[in-house]
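Participant: Structure, please.
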Amino acid sequence: MGINLPTAMVDMLKDGNCGLFIGAGISMSSPSNLPGWGKLLSNMIQHGIDLGRVDYKESIELTECVEKELLLEVAEYLADKLQGQYREYLVSIFDGSNLRSNDNHKYIAQINTPLIVTTNYDKLLEGSMDNPLICFLSPTMLQQIHKPGNRKKVLKIHGTISEPESLILSEKDYVRLMSREDLALVTKSYFHRYSFVFLGCSLTDPDILMFLKNLNNVFLGSTSPHYALVKQGSFNNIQSQYYKNTYNICLIPFDEYSELTTFLKSVVDLQKNSFNTDVVVKREILKSINDLIILEYYIHQIEFIHNRNFDRFSEVGEGKLTKGRISDILQDYEEAKKFYAYLSDQLTQTKYYDFPLDIYTTYYGKIDRCIELLKDKEIQRNQSKRRELSELDEYIMDNSDNFIKLMIAYVRMERVRINMGVNTGIEEEVILESYMEEFNFSYKEFN
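Facilitator: This next block holds a predicted model:
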């Protein structure tokens with residue numbers, strides 16, 4: 001490869017064990033020739049002038065802001081000035097019939113990777129793939145990311161041009177985006193378990209910085225570093241050290257943008273040439289890791305629901321069950337049951353070593369019984385049923401933290417076991433012993 005890459009990065013790319021984060025720079029090469037964010041906003045300022053929505057003085061001030069890289073502020077201002085014509089303009093740029101994929105898109109489409117995250121609105125990347133799984137900010141779509149399968153997974157965190165209402169446009173949109181718990185669960189689980197390579201991204205762009213800052217704890221807690229291919233001269237040693245220390249991202253310089261295309265082609269060739277028995281074994285290991293990521297995702301969804309809603313269920317035992325409260329509590333329990341059902345499917349489809357099915361079955365059964373009682377029309381006036389519901393509710397509340405801790409400890413323990421299938425040593429044995437102690441303690445604490 002022309003770019004000087006760390007050996008660990010090459011190995012992960014070879015094994016298909018590296019995610020990709022794709023920015024606007026990937027779509028700027030010919031024949032796509034799409035603008036980067038700064039160029040896009042400059043063009044949009046002129047579009048606002050043509051429409052009579054932006055006057056000369058405003059255009060001068062906006063242009064100065066673009067030059068100072070105050071891009072979110074400019075985007076916010078233009079979104080307010082242009083209103084619906086903002087999205088119409090984006091559609092005219094990113095959904096034109098004359099758009100063509102470039103070599104970057106075609107090579108990315110051939111790379112084996114657990115997940116592709118992109119900020120790009122256009123459809124050029126997925127248009128180069130065979131039946132990819134495309135997800136943006138629909139809760140149903142985000143859940144699909146964690147379903148097993150061979151389809152390439154593309155997460156479009158800024159929306160897609162085919163759904164103009166999904167597009168992230170302004171600073172307010174970005175703030176709302178970063179507060180999405182369901183998106184955070186997806187990104188945190190993948191960025192914690194996999195190394196990612198940032199391509200075609202300027203790490204100083206405000207949208208990328210917001211994303212990085214939102215995942216700061218995950219980056220620092222990840223076991224493997226992340227990598228960003230950046231233009232030579234666009235950063236200095238202090239900045240390089242900052243990204244390493246703050247986000248666990250290693251900056252890798254390149255001289256010419258054509259080297260990105262060469263890099264992507266090299267990854268495709270590397271993966272093709274390394275397909276042998278050893279790689280087949282490693283891909284089985286990667287499948288096991290992916291199964292654990294899916295399991296962990298459902299566990300964290302359950303944890304989120306418990307933390308958000310179950311603290312109000314003490315009202316059950318106090319006889320404050322109005323029809324409205326019953327409806328609210330029932331909705332919460334049914335949402336929890338949905339993820340317990342997903343978890344149950346995952347447990348039955350995948351062979352997990354020594355999984356505590358007895359505890360899971362007991363806990364899940366009590367959730368199910370709560371739903372039955374809440375649907376009972378006599379629950380408000382039947383004291384014995386109210387008492388049973390109160391006791392079940394108390395059991396769930398008392399054990400929710402221990403249940404989550406037990407499940408998380410199990411996932412950690414399994415992940416170390418999988419790693420020991422590749423690397424065996426004193427360090428792995430010590431870590432496994434530590435997690436086993438954590439698991440056994442949580443098991444004993446469960447009532």
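
Participant: mind listing the helices for the stretch 251-400 of the chain?
Facilitator: For the stretch 251-400 of the chain, the helices defined by DSSP state H, counting those that start in this stretch cover 258-273, 277-309, 323-349, 357-375, 383-420.

Participant: number of nearby residues for the nearest residue to Gly19 once chain neighbours are set aside?
Facilitator: Distances taken as C-beta to C-beta, 6 or more residues apart in numbering place Phe196 nearest to Gly19, at 4.1 Å, with adjacent residues excluded. C-betas here are computed from N, CA, C, even on glycine. Neighbour count of Phe196, defined by other C-beta atoms under 10 Å: 26.

Participant: Can you verify Phe196 is assigned to a helix?
Facilitator: No - assessed with DSSP: H, G, I helix; E, B strand; the rest coil, Phe196 is strand; it does not lie in a helix.

Participant: related to what we said a few turns ago, lowest average pLDDT across the helices of the stretch 251-400 of the chain?
Facilitator: Ranked by mean pLDDT, the helices of the stretch 251-400 of the chain bottom out at helix 277-309, with a mean of 62.

Participant: how is this protein carved up into domains?
Facilitator: Following the assignment in automatic domain parsing, the chain carries domains at 7-33+99-275, 37-94, 280-445.

Participant: Mean neighbour count, the ones you listed: which tops it?
Facilitator: Highest mean neighbour count among the domains of the chain (mean count of other C-beta atoms under 10 Å): domain 7-33+99-275, with a mean of 18.

Participant: to the chain's geometric centre, what's the distance from that domain?
Facilitator: 10 Å (C-alpha atoms, centre = their mean, to the nearest Å).

Participant: Would you check that Asp368 makes contact with Ala336?
Facilitator: No - counting by C-beta atoms under 8 Å, Asp368 does not reach Ala336; the two are 10.2 Å apart.

Participant: coming back round to it: could I get the helices of the stretch 251-400 of the chain in CSV, plus columns for distance to Glu69?
Facilitator: Conversion of the helices of the stretch 251-400 of the chain to CSV gives the following (distance: least, C-beta to C-beta, whole Å):
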stretch, distance to Glu69
helix 258-273, 22
helix 277-309, 35
helix 323-349, 41
helix 357-375, 50
helix 383-420, 40
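
Participant: quick one, which of these is nearest to Glu181?
Facilitator: For those, the distance to Glu181 is smallest for helix 277-309, at 5.9 Å, taking C-beta to C-beta.

Participant: gap between the two ends of stretch 247-257?
Facilitator: By C-alpha to C-alpha, to the nearest Å, the extent of stretch 247-257 from end to end equals 24 Å.

Participant: quick one: average pLDDT of that stretch?
Facilitator: 91.

Participant: same question, stretch 18-29
Facilitator: Stretch 18-29 carries an average pLDDT of 92.

Participant: what about it, how long is it end to end?
Facilitator: 24 Å.

Participant: looking at the helices of the stretch 251-400 of the chain, which is closest to Arg87?
Facilitator: So among these, helix 258-273 is nearest, using C-beta to C-beta, at 29.4 Å.

Participant: What lies in contact with that closest one?
Facilitator: The contact list for helix 258-273 (C-beta atoms under 8 Å, 6 or more residues apart in numbering) reads 1-3, 10, 13-14, 16, 25-26, 29, 102-104, 107-108, 110-112, 199-200, 229, 254.

Participant: can you do 7 Å?
Facilitator: 1-3, 13-14, 16, 29, 103-104, 107-108, 110-112, 199-200, 229, 254 (C-beta atoms under 7 Å, 6 or more residues apart in numbering).

Participant: Stretch 327-344 too?
Facilitator: Residues outside stretch 327-344 that contact it (C-beta under 7 Å, 6+ apart) are 298, 301-302, 305, 309, 313, 364, 367-368, 370-371, 374-375.

Participant: what residues are up against the residue nearest to Gly19?
Facilitator: Contacts for Phe196 (C-beta under 7 Å, 6+ apart) come out as Cys18, Gly19, Leu20, Phe21, His226.

Participant: how does it look with 10 Å?
Facilitator: Going by C-beta atoms under 10 Å, 6 or more residues apart in numbering, Phe196 touches 12, 18-21, 113-117, 187, 190, 219, 222, 224-228, 249.

Participant: What about those residues, which are in strands?
Facilitator: Of the contacts of Phe196, the ones assigned to strands by DSSP state E are Cys18, Gly19, Leu20, Phe21, Ile116, Val117, His226, Tyr227, Ala228, Ile249.

Participant: Of the residues you listed, which is the nearest to Ser179?
Facilitator: Of the ones in strands among the contacts of Phe196, the one sitting nearest to Ser179 (C-beta to C-beta) turns out to be Val117, at 17.8 Å.

Participant: so what's that closest one bridging to?
Facilitator: Taking DSSP bridges as the rule, Val117 bridges to Phe21, Leu155.

Participant: That one reaches Gly200, doesn't it?
Facilitator: No - applying C-beta atoms under 10 Å, one finds Val117 not in contact with Gly200, separated by 12.0 Å.

Participant: quick one: common contacting residues for these two?
Facilitator: Between them, Val117 and Gly200 share the contacting residues Leu20, Phe21, Ile22, Gly23, judged by C-beta under 10 Å, 6+ apart.
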